[in-house]
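Peer 1: got a predicted structure plus its sequence, pasted below:
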Amino acid sequence: MALILSILLFVFLTSILYLLGMRFWLSPQNVVDRVMGEARSSEASHPSLAFRDALQKLGEMVPSSPADLSVIEKRLYAAGFRTPAALKTFLGIKAVSTLGLPVLTWLVCSQAGVSSDNRLILAVMAAGLGFMAPGEILQHMIKARRKRIQKALPNALDLLVVCVESGLGLDQAIMQVSRELQTGYPDLSSELAITNLEMRHGTRRADALRNLGERTGVEDVKKLVGTLVQADRFGTSIGQTLRTHSEFMRLTARQRAEEKAAKVGIKLVFPIFFCILPSLFVVTVGPVVVTIFTKLIPMMTAE
């Protein structure tokens with residue numbers, strides 16, 4: 001009896017695991033749909049996709065000059081948003097934040113019992129904040145991406161040196177480095193992949209490298225691009241040029257770290273003065289003050 005129960009339990013659990021695997025892991029119907037080119041209705045009706053489409057449609061209705069659109073598109077490109085709908089989505093987000101934040105502020109102030117004049121002032125301030133916030137967030141994302149690229153550049157240079165000195169050309173070395181950095185440093189990997197694609201599609205190597213420097217906006221990348229362009233123009237050794245520039249970048253990074261370390265003492269003055277010294281003052285002088293008020297002053301008044 002125990003053996004039969006064990007077999008039935010094993011068959012039951014195996015069937016459940018098989019059905020779950022076919023449903024959530026293998027998903028053969030998804031494969032068939034992709035092969036046949038059939039769009040699934042559940043994916044088309046996903047809330048996130050519907051919200052994205054609504055933002056894009058709203059962004060199309062936002063009036064903007066071509067010059068402003070060009071500037072915004074360049075900033076989106078620098079932040080890593082390179083899809084065709086990125087500009088429309090950004091304009092839609094900006095419109096929603098500009099119109100929605102004042103309404104939300106008005107409702108919250110109404111519930112809190114704020115006067116109508118103050119509500120109007122707060123709503124106008126919220127509208128200005130909603131108009132400026134997407135641009136500031138985008139600028140922060142650009143700076144963060146440039147910092148990530150700058151942090152990844154020394155490792156990419158070392159890999160370029162290894163690839164070039166092992167016999168690969170510069171084009172093949174860039175392609176190989178972009179593959180190796182795909183997991184650890186995806187931002188720099190995508191930039192190198194775009195540069196490699198430009199060179200494969202007929203763009204001159206010097207122009208493709210200059211485009212790399214313009215896209216990233218990182219000064220160290222621009223210096224590297226200038227060095228590579230000069231080495232390619234005058235026919236000097238690419239491997240030796242990369243090695244020399246890698247050592248220069250390591251030295252520059254060390255100097256930047258030393259500079260930041262030297263500034264720590266000055267930056268700690270205000271936190272120490274406003275946070276640590278009051279605590280030390282309370283701990284050291286507090287008992288004396290309490291003793292004075294509890295013992296010395298009553299003795300003086302008694303006399």
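Peer 2: Received the coordinates, thanks.

Peer 1: which SSE is immediately downstream of the helix or strand where Ala95 lies?
Peer 2: Assigned by DSSP states H and E, Ala95 belongs to helix 86-112. For helix 86-112, the following helix or strand on the C-terminal side (DSSP H and E) is helix 116-165.

Peer 1: could you check how far Tyr77 is from Thr83?
Peer 2: 10 Å (CB to CB, to the nearest Å). Glycine gets a C-beta too; all of them are placed from N, C-alpha and C.

Peer 1: more neighbours: which of the two?
Peer 2: Tyr77 (14 against 9; other CB atoms under 10 Å).

Peer 1: the more buried one against Arg215, yeah?
Peer 2: Yes. Using CB atoms under 8 Å, Tyr77 is in contact with Arg215, at 7.0 Å.

Peer 1: in what helix or strand does Pro63 lie?
Peer 2: Using DSSP H and E, no helix or strand contains Pro63.

Peer 1: dump the C-alpha coordinates for stretch 195-215 into PDB.
Peer 2: Extracted C-alpha coordinates of stretch 195-215, given in PDB (Å, rounded to 0.1, in the frame of the first residue of the first chain):
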ATOM      1  CA  THR A 195      31.300  52.800 -33.700                       C
ATOM      2  CA  ASN A 196      32.000  49.400 -35.100                       C
ATOM      3  CA  LEU A 197      28.700  49.400 -37.000                       C
ATOM      4  CA  GLU A 198      29.500  52.800 -38.500                       C
ATOM      5  CA  MET A 199      32.900  51.600 -39.700                       C
ATOM      6  CA  ARG A 200      31.300  48.400 -41.200                       C
ATOM      7  CA  HIS A 201      28.800  50.500 -43.100                       C
ATOM      8  CA  GLY A 202      31.400  52.600 -44.800                       C
ATOM      9  CA  THR A 203      32.100  55.500 -42.500                       C
ATOM     10  CA  ARG A 204      35.800  56.500 -42.300                       C
ATOM     11  CA  ARG A 205      37.500  55.300 -39.200                       C
ATOM     12  CA  ALA A 206      38.500  58.800 -38.100                       C
ATOM     13  CA  ASP A 207      34.900  60.000 -38.500                       C
ATOM     14  CA  ALA A 208      33.500  57.000 -36.600                       C
ATOM     15  CA  LEU A 209      35.900  57.700 -33.700                       C
ATOM     16  CA  ARG A 210      35.000  61.300 -33.600                       C
ATOM     17  CA  ASN A 211      31.300  60.400 -33.500                       C
ATOM     18  CA  LEU A 212      32.200  58.200 -30.500                       C
ATOM     19  CA  GLY A 213      33.600  61.200 -28.700                       C
ATOM     20  CA  GLU A 214      30.700  63.400 -29.600                       C
ATOM     21  CA  ARG A 215      28.100  60.800 -28.500                       C
END
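
Peer 1: pLDDT score for Val114?
Peer 2: pLDDT for Val114: 77.

Peer 1: contacting residues for the residue lying closest to it once chain neighbours are set aside?
Peer 2: Among residues not flanking Val114 along the chain, Leu122 sits closest, at 7.2 Å (CB to CB, 6 or more residues apart in numbering). Taking CB atoms under 8 Å, 6 or more residues apart in numbering, we find Leu122 in contact with 105-106, 109, 114.

Peer 1: how close does Leu122 sit to Leu280?
Peer 2: 40 Å.

Peer 1: verify the stated contact: His245 with Gly226.
Peer 2: No. Judged on CB under 8 Å, His245 makes no contact with Gly226 at a distance of 9.9 Å.

Peer 1: ok, now which ones touch Val218?
Peer 2: Counted by CB under 8 Å, 6+ apart, Val218 has contacts 146, 149-150, 153.

Peer 1: quick one: it from Arg145, how far?
Peer 2: 9 Å.

Peer 1: cool, Leu197 as well?
Peer 2: 19 Å.
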